[in-house]
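Novice: The following block contains a protein sequence and its predicted model.
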Amino acid sequence: MSDVDKTPEEMKAEVTAEFEKKFGPLGDGKVYFAPGRVNLIGEHTDYNGGHVFPCALTIGTYAAARKRSDRKLRFYSVNFPQNGVIETSLDDLVPDDAYGWTNYPKGVIYTFIKDGYLINEGLDMAVYGNIPNGSGLSSSASLEVLTGFILRDMYGFEISNQILAIIGQDSENNYNGMNCGIMDQFAVAMGKKDCAIFLDTSDLSYEYVPICMEGAKIVISNTNKKHELTNSAYNTRRCECEQALEELQRVTDIEHLCDLTDEQFEKYKDAIKDPIRQKRAKHAVYENQRTIEAVRVLKEGNLKRFGELMNEAHVSVSKDYEVSCEELDTLAEEAWNVDGCIGSRMTGGGFGGCTVSIVRDEAVDTFVKQVGEAYKKKIGYEASFYVVSIGDGPRVV
Ligand code: GLA
């Protein structure tokens, strides 16, 4: 059984047992959970003031945590047992490349303190996630929001889940050097069972849209190619968009790229002097409009059109935004050939990670077999497939 299939009870029991082995009785400590996320449509729009449509998953990150009476911080991950217990303190909150994963909880603690929340006692924390690592299903946002949730609970801070998302993003941007938008942390912190979140990233207004796909399932296909977003093309894309925005602002009064409609973009696009930047901006504008349409047709019950828009979205991230890769393209293109696959596209930042597909119930087995075989043949190693459910945001378990 892979970790993805473990129940919350099993995850809780294991993380508690590991905590007690490393740190002694959990006592008045608790076990907490924060989900991973998958984005259904609206990619690379969240730092361009556009719309996104992610949902939280039932898989995520679990932590057993207990407050200490001194200023020590001790971390242990069931996913990285070779690292052992990593000890630091509230007085030494600097990023450490040697133990990469601890930079997420440390970054959140650092950000809380920077924002003026009083944290004078450390904590012991054992973490166990069942989001496949490096899969682009937001294991880092999950750990960030989880840490914020734990701090809020331990110290009784009065802050909303939305603020937990913003703190998570701040720590990812400024402590971990990944210039991400708000989508992942927002989806994790604000997740709601069986609903996707239609979020307008220009003002953080949002709407929960029930995802009741009669007779179809959400299937995630994992390239099993690790993606490394920090220090990568992600930050470059963001810069390209910012430059394109500046060029457009010389000819039209907009605050974000996604303020433009497709027609307006076509009218003003020549203000963007570089063809690559023009393609990047085109993706952002069209993807935002696609996302708005996708949510509208979904509400009308038109799953077929929703699927077509997912497919178009993939072509756009692949050809115009160029954040896909051979592995992701193979998964998406093979999915499009399967009868009963309604739509398929890469999800998340790209360069590896996963695709998300909507597949008719009766076609799921064929989908996994057909796409899996074609992928193995072309890429040389196996993809993994998960039929996922949409779950709630962070909580005590
Ligand atoms: C990553 C980032 C998000 C978002 C997506 C692309 O997941 O963390 O903020 O930009 O890529 O849509």
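Specialist: Sure thing, it's come through.

Novice: Residue 343: what's it in contact with?
Specialist: Going by C-beta atoms under 8 Å, 6 or more residues apart in numbering, residue 343 touches 306-311, 357-358. The way it works is simple: take the backbone N, C-alpha and C, and place the C-beta from them, glycine included.

Novice: repeat that with 6 Å
Specialist: Applying C-beta atoms under 6 Å, 6 or more residues apart in numbering, one finds that residue 343 lies in contact with 307, 310-311, 358.

Novice: before we move on, what about residue 362?
Specialist: Residue 362 touches nothing, counting by C-beta under 6 Å, 6+ apart.

Novice: Can you tell me the SS state at it?
Specialist: Classification of residue 362 by DSSP: H, G, I helix; E, B strand; the rest coil places it in helix.

Novice: Report the separation between it and residue 326.
Specialist: Between residue 362 and residue 326 the distance is 30 Å, computed by C-beta to C-beta, to the nearest Å.

Novice: Pass me the low-pLDDT residue ranges in the stretch 51-200 of the chain, would you?
Specialist: Judged against pLDDT under 70, the stretch 51-200 of the chain has no low-scoring part.

Novice: got the residues of it near the ligand?
Specialist: Taking C-beta under 6 Å from any ligand atom, the part of the stretch 51-200 of the chain that reaches the ligand is made up of 180-181, 183-184.

Novice: ok, back up a step: which of the contacts of residue 343 has the most neighbours?
Specialist: In terms of neighbour count, residue 310 stands highest of the contacts of residue 343 at 27 neighbours, by other C-beta atoms under 10 Å.

Novice: show me the contacts for it.
Specialist: Contacts of residue 310 were listed using C-beta under 6 Å, 6+ apart, and they are 41, 343, 345.

Novice: Wait, the first one touches residue 291, no?
Specialist: Think residue 41. Yes - if you go by C-beta atoms under 6 Å, residue 41 and residue 291 touch, sitting 5.1 Å apart.

Novice: which neighbours do the two share?
Specialist: Residues touching both residue 41 and residue 291 by C-beta under 6 Å, 6+ apart: residue 53.

Novice: who touches stretch 299-307?
Specialist: By C-beta under 6 Å, 6+ apart, stretch 299-307 touches 294, 297-298, 342-343, 358.

Novice: The same query, at a cut-off of 10 Å, please.
Specialist: Under the criterion C-beta atoms under 10 Å, 6 or more residues apart in numbering, residues 40-41, 53, 198, 207, 209-210, 212-216, 293-298, 308-309, 336, 341-345, 357-360 lie in contact with stretch 299-307.

Novice: Can you check the distance spanned by that stretch, start to finish?
Specialist: End-to-end span of stretch 299-307 (C-alpha to C-alpha, to the nearest Å): 13 Å.

Novice: about what we covered before: can you add distance to residue 22 and give the contacts of residue 310 back as JSON lines?
Specialist: As requested, the contacts of residue 310 are exported to JSON lines (distance: C-beta to C-beta, whole Å):
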{"residue": "41", "distance to residue 22": "41"}
{"residue": "343", "distance to residue 22": "44"}
{"residue": "345", "distance to residue 22": "41"}
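
Novice: can you pull the buried residues of stretch 66-75?
Specialist: When burial is assessed from 16 or more other C-beta atoms under 10 Å, stretch 66-75 yields the following buried residues: 66-67, 72-75.

Novice: Select from those residues every entry located in strands.
Specialist: Applying DSSP state E to the buried residues of stretch 66-75, the entries found in strands are 66-67, 72-75.

Novice: farthest-separated two in those residues?
Specialist: Maximum pairwise distance among these (C-beta to C-beta): 14.2 Å, between 67 and 75.

Novice: so residue 245, which of the three states?
Specialist: Under three-state DSSP, residue 245 comes out as helix.

Novice: and it, what is it in contact with?
Specialist: 48-49, 254-260, 272, 277, 281, 284.

Novice: Specify which member of the ones in strands among the buried residues of stretch 66-75 is nearest to the ligand.
Specialist: residue 75 (22.4 Å; C-beta to the nearest ligand atom).

Novice: For the closest one, give me its contacts.
Specialist: With contacts defined as C-beta under 10 Å, 6+ apart, residue 75 is in contact with 22, 63, 65, 83-88, 99, 101-102, 104-106, 123-127.

Novice: which ones among these are found in helices?
Specialist: Counting by DSSP state H, the contacts of residue 75 place 22, 104-106 in helices.

Novice: Which residue ranges of this structure form strands?
Specialist: 30-39, 51-52, 54-67, 72-77, 86-89, 123-129, 195-200, 205-210, 216-222, 341-347, 354-360, 384-388, 395-396.

Novice: Flag every residue of the stretch 251-397 of the chain that's near the ligand.
Specialist: With C-beta under 6 Å from any ligand atom as the criterion, the stretch 251-397 of the chain meets the ligand at residues 348-349.

Novice: So, low pLDDT: which residues of the stretch 251-397 of the chain?
Specialist: Nowhere does the stretch 251-397 of the chain drop to pLDDT under 70.

Novice: could you show me where the helices are in it, in order?
Specialist: Ranges of helices in the stretch 251-397 of the chain, per DSSP state H, counting those that start in this stretch, are 262-268, 275-299, 303-319, 326-336, 364-379.

Novice: nearest to residue 223, of those helices?
Specialist: For residue 223, the closest of the helices of the stretch 251-397 of the chain is helix 326-336, at 3.8 Å, according to C-beta to C-beta.

Novice: Residue 347 is in contact with residue 37, isn't it?
Specialist: Yes - using C-beta atoms under 10 Å, residue 347 makes contact with residue 37 at a distance of 9.0 Å.

Novice: any residues in contact with both of the two?
Specialist: Joint contacts of residue 347 and residue 37 (C-beta under 10 Å, 6+ apart) are 54, 136-138.
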